[in-house]
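**Q** coords please:
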Amino acid sequence: MQIAPGIYRVESEGEVVYALDCGGAYALVDVGSGPALAEKLEQLRSDGIAWEKIVAVFLTHNHPDHCQALERVKQELAPRVVVHRLATERLAHCPASEPLAPDLVDYTVDEGDGVEIGDIKLEVFHLPGHTADSTAWQLGDDLFVGDIIFYDGGIGWMDVHWGSCVGDYRVSLQRLSRLTISAIYPGHGDYGPLKREMIDEALRRITVLSEADGSPLAALGRPAPRRHSDEPSKLIRLSASPSA
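**A** Next up, the predicted model:
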């Protein structure tokens, strides 16, 4: 279903995937889990988006409900896949987080990078807390946030074994409140205008979790590695042609 100019939304089994019109070709934000992929692709086709016109995939983080279908998508559609660099790294403090296989990823990005494809440009924001690699993709005034924040002010499930970090999450939500955006598009549930009360509610939930009796989140969570200040940002230019 088209929900905004150039933005399509499909949902199956509670997983939301977005398709972005790049001008004759399309990019996906997340791909979801394997069992729900066929239904999502069928919904896209009913919206007039031919599968062969899907030429790129941008992941918000490497949890199975956002990326499990990536191997099949790569085999069947051959898109270029762009992820945060931490999605491909095995981090010592994240024993339950399985990195993406290198052969599934074409480009890695980090905070401050950008990707151009066809008529659109996406800006990269590294907003860890839910996971170490949590990434938001900004397209104009729109922000695709994965599980960083939900439309009711909810937050992504936290577990220190996959890289959740209370301190990171607070900083990320505060950064989110300062970004120039009008709408958020989460990986689950509703979408719409970003409101200050959503961020306040998300921050409240972080505080409740961190102060809960016996909660290891505040004590054991470790900050995600950040890009070095002397490392220059980069702009990746992708062709919108399926054959390129």
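**Q** Low-confidence ranges, this protein, go.
**A** Applying pLDDT under 70 to the chain flags the ranges 214, 243-244.
**Q** As a check, name the ranges of all strands in it.
**A** Using DSSP state E, the strands of the chain run over 2-4, 7-12, 15-21, 26-29, 54-58, 80-84, 107-109, 114-117, 120-126, 135-139, 142-146, 183-186, 192-193, 235-238.
**Q** okay, which residue of the chain is out on the far edge from center?
**A** Taking CA atoms, centre = their mean, the residue of the chain most remote from its mean C-alpha position is residue 213, at 30.9 Å.
**Q** Pull the contacting residues for that residue.
**A** Applying CB atoms under 8 Å, 6 or more residues apart in numbering to residue 213 gives no contacts. (C-beta placed from N, C-alpha, C; glycine too.)
**Q** these two touch, right, residue 40 and residue 9?
**A** No. Residue 40 is not in contact with residue 9 according to CB atoms under 8 Å; the separation is 10.2 Å.
**Q** higher neighbour count, those two?
**A** residue 40 (24 against 18; other CB atoms under 10 Å).
**Q** Give me the spatial nearest neighbour of the more buried one, chain neighbours excluded.
**A** Nearest residue to residue 40 in three dimensions, chain neighbours excluded: residue 10, at 4.7 Å (CB to CB, 6 or more residues apart in numbering).
**Q** tell me the contacts of the nearest residue to residue 90 once chain neighbours are set aside?
**A** Distances taken as CB to CB, 6+ apart place residue 99 nearest to residue 90, at 5.1 Å, with adjacent residues excluded. Contacts here follow CB under 8 Å, 6+ apart; on that basis residue 99 touches 62, 87, 88, 89, 90.
**Q** do the same with residue 194
**A** 143, 176, 181, 182, 183, 184.
**Q** how close does residue 138 sit to residue 239?
**A** Applying CB to CB, to the nearest Å, the value for residue 138 to residue 239 is 21 Å.
**Q** for the chain, what spans make up the helices?
**A** With helices called from DSSP state H, the chain shows them at 37-46, 64-67, 70-77, 166-178, 196-211, 217-220.
**Q** Contacts for the fourth one, please.
**A** With CB under 8 Å, 6+ apart as the contact definition, helix 166-178 has outside contacts at 125, 127-130, 132, 134, 136, 143, 145, 148-149, 155, 158, 194, 196, 199, 202-203, 206, 209-210, 217-218, 221, 223-224.
**Q** Quick check on those residues: which are buried?
**A** When burial is judged by neighbour count using 16 or more other CB atoms under 10 Å, the buried members of these are 125, 127-130, 132, 134, 136, 143, 145, 148-149, 155, 158, 194, 199, 202-203, 206, 209-210, 217-218, 221, 224.
**Q** the more surrounded of residue 138 and residue 239?
**A** Taking neighbours as other CB under 10 Å, residue 138 and residue 239 compare with residue 138 leading, 18 against 15.
**Q** shouldn't that one be in contact with residue 123?
**A** Yes. Residue 138 is within contact range of residue 123, at 4.2 Å (criterion: CB under 8 Å).
**Q** Now the residue nearest to the spatial centre of the chain. Nearest residue, chain neighbours left out?
**A** Nearest to the mean C-alpha position of the chain, by CA atoms, centre = their mean, lies residue 60 at 1.5 Å. In space, residue 60 comes closest to residue 146 once its chain neighbours are excluded; the distance is 2.7 Å by CB to CB, 6+ apart.
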